[in-house]
Structure formats: structure tokens, C-alpha cells
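1. Quick check, what structure comes out for this input:
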Amino acid sequence: MFKLTYNLQETRKQRLYDYMDTKQITTKRNSHLDLIRVIAMLFVIAIHTSWEYSLGIFPEVLIRSTLFTANGLFFLLSGHLTLNFEEDELDPASSYRRFYWKKYCSLILPLVFYCALLVLYSERHLVGPGTFMTELFWKILPSSREGHIWFIYSLIAYVMAAPFISVMFKHISVSGLRLLFGIAIVFEIVSVMLFSNIIESPFTITGWPFLGWYFYFLSGYFIYNLESFHKKKVFFIILGGVCLLITSSLIAFVDKPLEGTNDTSPVYLFACIGLYLLLESVPVPKFLNKPLEFIASHAYAVYLIHIEVLVFVRKTIPISTPLSCLACVLTIAAISIAIAFICDSLILRPVTKRLTKSSFKIKAAFVAAVTMITVIIPIILIIILRAQQA
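-> Model (predicted):
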């Protein structure tokens, strides 16, 4: 009994040391991770900002292919930050509860809040709580009207699986991780470049679980746990640039580009990894640490609200030159950050902080109430409305 207790204490002590080492590494890299998040945020805004000038086919395609790396950068970064879950041997259930509560507060709660804010802004004619809840339901759920929100639902699914994947990955050797990455790349090539586009075979490889954006998410873990990416960082950065040029050439000069060229293509994955490693290597002056941290902390909120801000700004700022385009993107970002800062500081963070200190029953009641308002009641109302119309 004494030996078992001693071993558990030693395990907890070692886990604390590992956590402290990881924390120190994360702190040192914090400015680079913030830089990646900020660049990805600006790229997203630029993607959704159309311009009225021409630079030529290839330069425009190259710019857009570079901007579209925002999706890959976000998934790589999210995978790196999320797949570090540690299961507490003494109380596993509490470690999972803490993880999911933290992700609920950082992903779901802002989604609900800012969607409600946008409904109040864009649907000011609404009358009655029933109509508001119905509009909020359609605002939150992915639809043709809210195309950019697709990213969040993919991310939520990956985050929900992250604790289990993290625990499993930590028991795989470096050789096993390297082999897994290699096999996954082969499946990406087969799925995207061969069967889906060229020979159009009915053969399916969807049974392989690490495809598409999920593989991007997992690659955020591979980058930091396979030393090859850092020992040969210059090689992967150069490879990323070459892959970006290949992707742009395929889009610009091939009549029917391969499916997922700017998304889940394995070539584009290496383009995103190359840019990620490049941004991770850029020297960040100390005076930029705080501004980057401030902007990065509101990047998710900016992602949620920037479309409405974009519509407002584009009414006043014409985009006829590259300089005016840059000014428009920065203006949208600045206004979105200001709104996010006010809302986060006055509402979201105080509420989250108060709830985090509450008991499990209060947290459960809060989640249940939010679910009732945003999902269950609206679905009931929609069913009743359609029954009446029929």
C-alpha cells in the first residue's frame, strides 16, 4: 500500500515537472503562436474582402492561395494547443470535466453570445422571444447564409475527440508517430489526387480516420513531436514555398484543378506547414509581445463578427488599389477587435470567471439553459411552424 501511494505521488510529481517544463516552453513560444494566430486572422478577413483591381492571373491566384493558408494555420495551431491533454490518474473524470468546461467557455459560449449579438444588430425588427430564438438557431447552425462558420463546427468535433487522441498519441513512440504521419500522407495523396479526381474510381478510402482537415489538426501535434520538422526546418520552409507555387500554378493554368487544391490537398498541407514553421522562426521584438497577445486573445471573436463589420466598412471604403485593400482589411480588424474587447471585458470574461468558480450543478444548469434557448426550444418552434404551414 505504501509502495502504491509512493508511486502515485512520484507520478504526480513527475507530471507536475513535465507540466512546468511544457509551460516554460509555451511561454517562450507564446509570441510566435500569437503571431501565427494574428496572421491567420488577417488572412481570413482578407479572403472575405473582395477587391476591384487586377494584378494578373498568377499573382492574384498566388495571393489568394497564400491567404487561404489561414484555415490550415488555424487547424495546425489548434491541434498543437489542444492535443496536450493530461489525464489525472487519481481522478480521471475531473480532468475531462475541466477540459470540456474550458473548451465550452472558449468555443461554444462566445459562439452563442456573438451570434445573439449579431441577430440583435441585423434583425432589429424582431418581435418576441420566440422569433429571436428561432433566428438565433439559424444564425448559430451552419447554413448557406453563414458559410464561414463551417470552421467552428469542424473544430468543435476535433476538440471533443482531442482528450482521447492525446492520451493515445502519448503512448505511441516517435517511430510510430513518424509512420502514422507517413501513412496518412499516402492516404491523402490517394484520396485527393488519384481516386477523387483523376481516375474517379468507386474505391473508397474514407474508412481511414485521419483525412482532410482532421489531419491538419493532428499535424499540429506531429510538428512538435517529430524532431524532423525542427531539425530540417529550413527544408520544410522551402518545401512549403515550392508547394505554394505548385498549388497556385495548378489553379491558374490547369483547366480543371484537383479537388481541394486550396484546402485538404497534401501539397497544400506542406505549404501550410512551411508557412507555420516560418512564422514560428521569425524574430518577434519584445515590444510586440503584448500587442500580439492582446490581438490574438480576441481573434476568435473577430472571426465570428468580422463579416458584419466588413459589410459596414465596405460601404465607405472602395478597394481600387492594393494599399486601399490593406487599409480596408486593417480597418475591419481594428473595429472587430474593439467590439470584441468591449464585449469580452464587460460580459463574457466576467460571466465565464464567475461560472468557473461555481459548483458542477450550477455549470450543468447553465449549459442546459443555453442548450434549451439555442437548440431545443427553437427546434420545437420550427416544427410547430412547419406543421401549421402544412
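2. ok, L107 to V159 distance?
-> The gap separating L107 from V159 is 7 Å, by Cβ to Cβ, to the nearest Å. From N, CA and C alone the C-beta is placed, and that goes for glycine too.
3. Same question for Q389.
-> 37 Å.
4. Counting neighbours, go ahead and name the busier of the two.
-> A direct count of neighbours by other Cβ atoms under 10 Å for Q389 and V159 places V159 higher, at 21 against 6.
5. Name the nearest residue to that one, sequence neighbours excluded.
-> K103 (5.2 Å; Cβ to Cβ, 6 or more residues apart in numbering).
6. Can you report how many residues lie near the one you found?
-> 18.
7. Thought Y158 was touching it, still the case?
-> No - between K103 and Y158 there is no contact under Cβ atoms under 8 Å: 10.6 Å.
8. Show the pLDDT at I140.
-> With respect to pLDDT, I140 scores 87.
9. Which residues are in contact with it?
-> Counting by Cβ atoms under 8 Å, 6 or more residues apart in numbering, I140 touches L111, V112, C115, I149, T374.
10. Need the worst-confidence member of those residues.
-> Scoring those by pLDDT puts I149 last, at 80.
11. And what about that residue, helix, strand or coil?
-> helix (DSSP: H, G, I helix; E, B strand; the rest coil).
12. I'd like the distance between it and G182.
-> 33 Å.
13. Common neighbours of K103 and Y158, please.
-> Contacts common to K103 and Y158, judged by Cβ under 8 Å, 6+ apart, are T82.
14. Measure how buried D344 is and give me the count.
-> 19.
15. Wait, it touches V302, no?
-> No - applying Cβ under 8 Å as the test, D344 and V302 come out as separate, 10.8 Å apart.
16. quick one, what contacts H298?
-> S336, I337, A340, F341, D344.
17. Identify the residues contacting I347.
-> I347 touches F113, counting by Cβ under 8 Å, 6+ apart.
18. Next, the buried residues of the helix or strand that I382 is a member of.
-> Following DSSP states H and E, one finds I382 within helix 377-389. For helix 377-389, the neighbour count (16 or more other Cβ atoms under 10 Å) marks I377, P378 as buried.
19. neighbouring contacts of it?
-> G130, M133, T134, L136, F137.
20. Can you list the low-confidence ranges for the protein?
-> 1-29, 123-127, 142-147, 192-206, 256-260, 390 (pLDDT under 70).
21. where's stretch 108-124 relative to the chain centroid, distance-wise?
-> 19 Å (Cα atoms, centre = their mean, to the nearest Å).
22. Identify the residues contacting that stretch?
-> 126, 132, 135-136, 139-140, 152, 156, 300-301, 304-305, 308, 343, 347-348, 351-352, 370, 374.
23. Just the ones of those in helices?
-> When the contacts of stretch 108-124 are checked against helices (DSSP state H), the matches are 132, 135-136, 139-140, 152, 156, 300-301, 304-305, 308, 343, 351-352, 370.
24. Max pairwise distance over those: which two?
-> Spatially, the most separated pair among those is E135 and T352, at 24.5 Å (Cβ to Cβ).
25. Tell me if I'm right that F169 and S219 touch.
-> No - when contacts are counted by Cβ under 8 Å, F169 is not listed as touching S219 (12.0 Å).
26. More neighbours: which of those two?
-> Set side by side, F169 and S219 show more neighbours around S219, with 26 against 18, by other Cβ under 10 Å.
27. Mind giving me the packing neighbours of the host helix or strand of L326?
-> For L326, the host element (DSSP H and E) is helix 322-343. Helices and strands touching helix 322-343, by 3 or more Cβ pairs under 8 Å, 6 or more residues apart in numbering; DSSP states H and E, are helix 2-47, helix 109-122, helix 299-314.
28. if we can go back for a sec, for ChimeraX, write the selection for the buried entries among the contacts of stretch 108-124.
-> Selection of the buried residues among the contacts of stretch 108-124 in ChimeraX, burial being defined by 16+ other Cβ under 10 Å:
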select :126,132,135,136,139,140,152,300,301,304,305,308,343,348,352,374
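29. Quick check: the closest residue in space to V302 that isn't next to it in sequence vs V329, distance?
-> Closest residue in space to V302, ignoring its immediate chain neighbours: S336 at 4.2 Å, by Cβ to Cβ, 6+ apart. S336 is 11 Å from V329, where distance means Cβ to Cβ.
30. intersection of neighbour lists for the two?
-> Common neighbours of S336 and V329 (Cβ under 8 Å, 6+ apart) are I45.
31. can you tell me which residues contact the residue nearest to V302?
-> S336 touches I45, H298, A301, V302, I305, H306, V309, counting by Cβ under 8 Å, 6+ apart.
32. if you set the cut-off to 6 Å instead, what comes out?
-> V302, I305, H306, V309 (Cβ atoms under 6 Å, 6 or more residues apart in numbering).
33. Roughly how far does the closest residue to N289 other than its chain neighbours sit from I377?
-> Ranked by Cβ to Cβ, 6+ apart and with sequence neighbours excluded, the top spatial neighbour of N289 is S31, at 4.8 Å. Per Cβ to Cβ, S31 is found 44 Å from I377.
34. Pull the residues that contact the helix or strand that F366 is a member of.
-> Under the criterion of DSSP H and E, F366 resides in helix 360-371. The contact list for helix 360-371 (Cβ under 6 Å, 6+ apart) reads L355.
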